[in-house]
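Engineer: Build me a model:
(2 chains)
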Amino acid sequence: MDKKIRVRFAPSPTGYLHVGGLRSALYNYLFAKKNGGNFILKIEDTDRKRFVEGAVESLISSLDWVGLNRDEGVFLKDTTSNLGDKKNIESENYPGIMEVGDFGPYIQSENLAMYKKYAEDLVAAGKAYYCFCEQTRLDAIKEERIANKQAPMYDRYCLKNVSAEEVNEKLKSNCAYTIRLKVPADEIIEFEDLIRGKVSINSNTIDDQVLMKSDGFPTYHLANVIDDHMMGTTQVIRGEEWLPSTPKHILLYRAFGWDIPEFAHLPLLLSTDKKKLSKRMNDVAVEDYIKKGYLKEAIINFVALLGWNLGEGSTQEVFSLQELERVFDIKRVHKAGAVFDLKKLDWLNAQYIKKLSIDELYQKSLEFFAQKDFYKSWNVERESWSVEKKEKYLKKVLQIEQERLNNLSEVGENNQFFFADISYDKNLLRWKDMSDTALQESLEKSIAVLSAIDESDWEIKNIEEKLFVAAGDKKGDLLWPLRVALSGAQKSPSPMELAWVLGKVESLQRLQKALA
RNA sequence: GCCGCCAUCGUCUAGCCCGGUCAGGACGCCAGGUUUUCAUCCUGGAAAUCAGGGGUUCGAAUCCCCUUGGCGGUACCA
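Structural biologist: Numbers count the residues shown, from 1 in each chain, chains lettered A, B, ... in the order given. This is a model prediction of the structure:
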């Protein structure tokens, strides 16, 4: 019987969650769900130089927003209520962060003593050694090796020249030290990657990796292996940048005598210049996409498709998270890197916006309306309106805009005539080479038609019907001037839609103005 | 430099394992249509000599070898 599947997403708090990280998280999550396993979030914060204040919280809230729920690991304090009676303790190092589950700590900086102990065990077993070399010496040998066209590796000076007594003395006198892995020579290290198949590397090309830094923190390699083992991680699913260091990790698992998890290395996400997507470039933080008004469904769907597809002749491209949980197969993940191209995201987002109910669209749009100046002044000018009346009006606007929106931040943007008085060149009212009198007649006809419709019958269908009857086969003659009179714009939704949103009174007023 | 990974339309990709459809789909782009404009929607189109070269084979995107290119790693960063 196989062990219960346990996978984890393990970001470093060096900034916001970016799309590459989101994809790693998503694939881990999907793998867990598909296989009835646990999805865990741990934090790899062993590098205090690159630590960014608030990054842990930001990482978690992005993950939460997108809906990748964890079974264990690190949570924001106010989101732990639905986790049942799992062990639940407050983080030592991060206020407001909770660690939930039986395999903690889930934050590496809270586990320092353990890493140190295991590193020392390795030394005692002769599989690692103390190194007292200073950075200047390290830099020098590196330079020399590069000059000689050799791989810039550590020369094992401390292993060969420092005796056990000397080590003890230096340790006693508080000399700065690191602990290095003693990498065996002439060994072919081989492993089966879930995505790439067999990968092998000669141990001679692996440096004696530092396991414990002189500041008392473990390096990624040591900490990662130890807590993955402690957490019972069964599959390590991570970015391709880790592929070359996997043999080091395997060596460590072996040195400890532990079971080696399976590995899956995801292809990199590339920017349009085909370079690894970097945080330096804009538009990589999940938060940015949230702010721009992308729906989580679209982001998830898009990211899932970057390097994965259903296959088996299927051409399906629109997937819900729930669907992905059922059909995701890590074996179908691509090997090649994928360029992160926004065009398809926009299209997907538009698809998901169209699926929203008006209530949902309204709820999601409010915060974006609130940022718009045209909305703010409209809101002030309508202070006599009840909250319900405003809501009703906005929902009408949204109903018209729904099929025109690529993202929520565009809301109202292209239809500001719904919110403000309009001004336009009177010539715009003219349909083709219509004469002045024809234009006047057209506008008067519209006024007559709209006036005759009762407020209670003020529906798009009905308005349209009446207008079409009045227009006969010369629709442009009636509809174009009406549309411009209502919108003041060259491009806009149809006149019936405009009239419907604006209401009878305002529509008639705008028509009168056009006539004047 | 050294080590490793990868390679099908502009982009995401199907097909490759088990050789044999004009190399299929989607986004984007172009054109036309859908009871005025915009959007939606529909239809059609351009778009990859399957990185290149050599094999194997009656036949290769698919199997083998070489080359090239791209990317990643080469830290007391992750």
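Engineer: if I pick the residue most central in space within chain A, what's in contact with it?
Structural biologist: Residue closest to the mean C-alpha point of chain A, counted by Cα atoms, centre = their mean, is residue A:286 at 3.6 Å. Neighbour list for residue A:286: A:16, A:17, A:18, A:19, A:22, A:62, A:65, A:66, A:299 [criterion: Cβ atoms under 8 Å, 6 or more residues apart in numbering]. In short, each C-beta sits where N, CA and C put it, glycine included.
Engineer: ok, then the element right after the lowest-mean-pLDDT helix or strand in chain A?
Structural biologist: Within chain A, no helix or strand scores below strand A:269-270, which has a mean of 86 by mean pLDDT, DSSP states H and E. For strand A:269-270, the succeeding helix or strand toward the C-terminus, using DSSP states H and E, is helix A:286-291.
Engineer: what comes up buried for that next one?
Structural biologist: When burial is assessed from 16 or more other Cβ atoms under 10 Å, helix A:286-291 yields the following buried residues: A:286, A:289, A:290.
Engineer: For that helix, what is the distance to the chain centroid?
Structural biologist: Helix A:286-291 sits 7 Å away from the centroid of its parent chain (Cα atoms, centre = their mean, to the nearest Å).
Engineer: Quick check: buried residues in the helix or strand just after it?
Structural biologist: Next helix or strand after helix A:286-291 toward the C-terminus (DSSP H and E): helix A:296-305. Under the neighbour-count criterion of 16+ other Cβ under 10 Å, helix A:296-305 has A:296, A:297, A:298, A:299, A:300, A:301, A:302, A:303, A:304, A:305 buried.
Engineer: And for stretch A:465-476?
Structural biologist: Applying 16+ other Cβ under 10 Å to stretch A:465-476 flags A:466, A:467, A:470, A:471 as buried.
Engineer: The residue of chain A positioned farthest from its centre: helix or strand, and which one exactly?
Structural biologist: Computed with Cα atoms, centre = their mean, the residue of chain A farthest from its C-alpha average is residue A:437, at 57.9 Å. When elements are assigned from DSSP H and E, residue A:437 belongs to helix A:436-451.
Engineer: and residue A:166, how many neighbours?
Structural biologist: Residue A:166: 14 surrounding residues under other Cβ atoms under 10 Å.
Engineer: And it, what's its pLDDT?
Structural biologist: Here, the pLDDT recorded for residue A:166 equals 93.
Engineer: cool, and the one 5 residues further on?
Structural biologist: Looking at residue A:171, its pLDDT reads 94.
Engineer: Quick check: buried residues in the helix or strand it falls within?
Structural biologist: In this assignment (DSSP H and E), residue A:171 forms part of helix A:164-172. Neighbour counts using 16+ other Cβ under 10 Å place A:167, A:170 of helix A:164-172 among the buried residues.
Engineer: part of a helix, is residue A:61?
Structural biologist: Yes. Counting by DSSP: H, G, I helix; E, B strand; the rest coil, residue A:61 is part of a helix.
Engineer: Would you map the helices across the stretch 251-400 of chain A?
Structural biologist: Taking DSSP state H, counting those that start in this stretch to define them, one finds helices in the stretch 251-400 of chain A at A:286-291, A:296-305, A:321-327, A:342-355, A:358-369, A:373-381, A:387-401.
Engineer: Let me see the domain layout of chain A.
Structural biologist: Per the record, chain A has its domains at A:6-110+A:269-332, A:112-266, A:357-418, A:426-515, by automatic domain parsing.
Engineer: Adding distance to RNA strand B, write these out as JSON lines.
Structural biologist: As requested, the domains of chain A are exported to JSON lines (distance: least, Cβ to the nearest atom of the strand, whole Å):
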{"stretch": "domain A:6-110+A:269-332", "distance to RNA strand B": "3"}
{"stretch": "domain A:112-266", "distance to RNA strand B": "3"}
{"stretch": "domain A:357-418", "distance to RNA strand B": "4"}
{"stretch": "domain A:426-515", "distance to RNA strand B": "3"}
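Engineer: Which one of the ones you listed has the poorest average confidence?
Structural biologist: Lowest mean pLDDT within the domains of chain A: domain A:6-110+A:269-332, a mean of 91.
Engineer: State the number of residues packed around residue A:346.
Structural biologist: 15.
Engineer: possible to save the domains of chain A as CSV with distance to residue A:340?
Structural biologist: Shown next, in CSV, are the domains of chain A (distance: least, Cβ to Cβ, whole Å):
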stretch, distance to residue A:340
domain A:6-110+A:269-332, 5
domain A:112-266, 13
domain A:357-418, 16
domain A:426-515, 31
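Engineer: you'd agree residue A:337 is up against residue A:269?
Structural biologist: Yes. Between residue A:337 and residue A:269 a contact is recorded at 6.9 Å, counting by Cβ atoms under 8 Å.
Engineer: For residue A:423, which non-adjacent residue is spatially closest?
Structural biologist: residue A:488 (6.4 Å; Cβ to Cβ, 6 or more residues apart in numbering).
Engineer: Next, count neighbours for the one you found.
Structural biologist: By other Cβ under 10 Å, neighbour count at residue A:488 equals 21.
Engineer: so it touches residue A:422, yeah?
Structural biologist: Yes. Look at residue A:488 against residue A:422 with Cβ under 8 Å: they come within range, at 3.2 Å.
Engineer: can you give me the strands in chain A?
Structural biologist: In chain A, the strands defined using DSSP state E lie at A:6-9, A:38-41, A:72-76, A:88-90, A:97-100, A:128-131, A:178-181, A:188-193, A:197-202, A:210-212, A:235-239, A:262-266, A:269-270, A:338-339.
Engineer: Could you point out which of these sits nearest residue A:158?
Structural biologist: Comparison of the strands of chain A against residue A:158 by Cβ to Cβ identifies strand A:128-131 as nearest, at 4.3 Å.
Engineer: ok, and what's touching the closest one?
Structural biologist: With contacts defined as Cβ under 8 Å, 6+ apart, strand A:128-131 is touched by A:119, A:122-123, A:154, A:157-159, A:162, A:167, A:170-171, A:177-182, A:208, A:210-211, A:255.
Engineer: Going by neighbour count, which of the residues you listed are buried?
Structural biologist: Buried subset of those (neighbour count, 16+ other Cβ under 10 Å): A:119, A:122-123, A:154, A:158, A:162, A:167, A:170, A:177-182, A:208, A:210-211, A:255.
Engineer: In this model residue A:491 seems to touch residue A:483, though I could be wrong.
Structural biologist: No. Between residue A:483 and residue A:491 there is no contact, the gap being 9.5 Å when judged by Cβ under 8 Å.
Engineer: ok, those two, which is more surrounded?
Structural biologist: Between residue A:483 and residue A:491, residue A:483 has the larger neighbour count (other Cβ under 10 Å), namely 26 against 8.
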